[in-house]
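>>> Next input, structure requested:
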Amino acid sequence: MGNKVGNEKVAVIIDRFGMGNAELELSHILLKNYLTLTISENRIPAYICLYGDGVKVACKDSGFTEELSKLESMGSKIVICKTCLSYNNLLEKLSVGSVGTMLDIIDIQYNSTKLIKL
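Below is the predicted model of the structure:
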């Protein structure tokens with residue numbers, strides 16, 4: 001169903017430490033499933049933007065860094081908000097992706113034809 005590999009116009013937005021409005025454990029299960037299926041189905045977004053509490057997803061011991069690293073190796077550019085990392089004292093714990101600015105995230109959102117917010 002549809003184009004699967006390296007969709008150059010899709011950006012996934014992660015702005016919370018998990019997926020959806022659910023209890024923490026369930027939101028982690030949902031995000032883990034989403035990332036795992038994105039990889040196994042080869043539906044690789046061009047970008048993954050993390051801001052707000054979503055920056056925690058890219059940090060050591062989050063439980064999601066293996067999937068993010070795999071997506072990065074498959075071609076996704078992962079951009080993590082520097083302001084959010086600094087605010088949460090997480091700059092030193094970043095494990096995957098690139099630190100970016102809000103302008104980087106705005107550029108990605110503006111130039112994407114599809115935004116998927118988790």
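>>> hey, where'd the strands end up in the chain?
Under the criterion DSSP state E, strands of the chain are mapped to 7-14, 45-50, 77-81, 98-100, 114-117.
>>> Tell me which of the ones you listed sits most buried.
Comparing the strands of the chain by mean neighbour count (mean count of other CB atoms under 10 Å), strand 45-50 ranks first with a mean of 25. C-betas here are computed from N, CA, C, even on glycine.
>>> where does the protein dip in pLDDT?
1-8 (pLDDT under 70).
>>> Going by residue numbers, what spans are helices in it?
24-40, 65-73, 82-87, 102-111 (DSSP state H).
>>> got TSV for the strands of the chain, with distance to residue 20 too?
Below are those laid out as TSV (distance: least, CB to CB, whole Å):
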stretch	distance to residue 20
strand 7-14	11
strand 45-50	16
strand 77-81	20
strand 98-100	24
strand 114-117	10
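>>> rewinding a little: possible to save the helices of the chain as a markdown table with distance to residue 18 and mean neighbour count?
Below are these laid out as a markdown table (distance: least, CB to CB, whole Å; neighbours: other CB atoms under 10 Å):
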| stretch | distance to residue 18 | mean neighbour count |
| --- | --- | --- |
| helix 24-40 | 3 | 15 |
| helix 65-73 | 13 | 17 |
| helix 82-87 | 15 | 16 |
| helix 102-111 | 19 | 13 |
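>>> measure the residue nearest the centre of the chain to residue 36 for me?
Residue closest to the average C-alpha location in the chain (CA atoms, centre = their mean): residue 48, at 4.0 Å. Distance from residue 48 to residue 36, counting by CB to CB, to the nearest Å: 14 Å.
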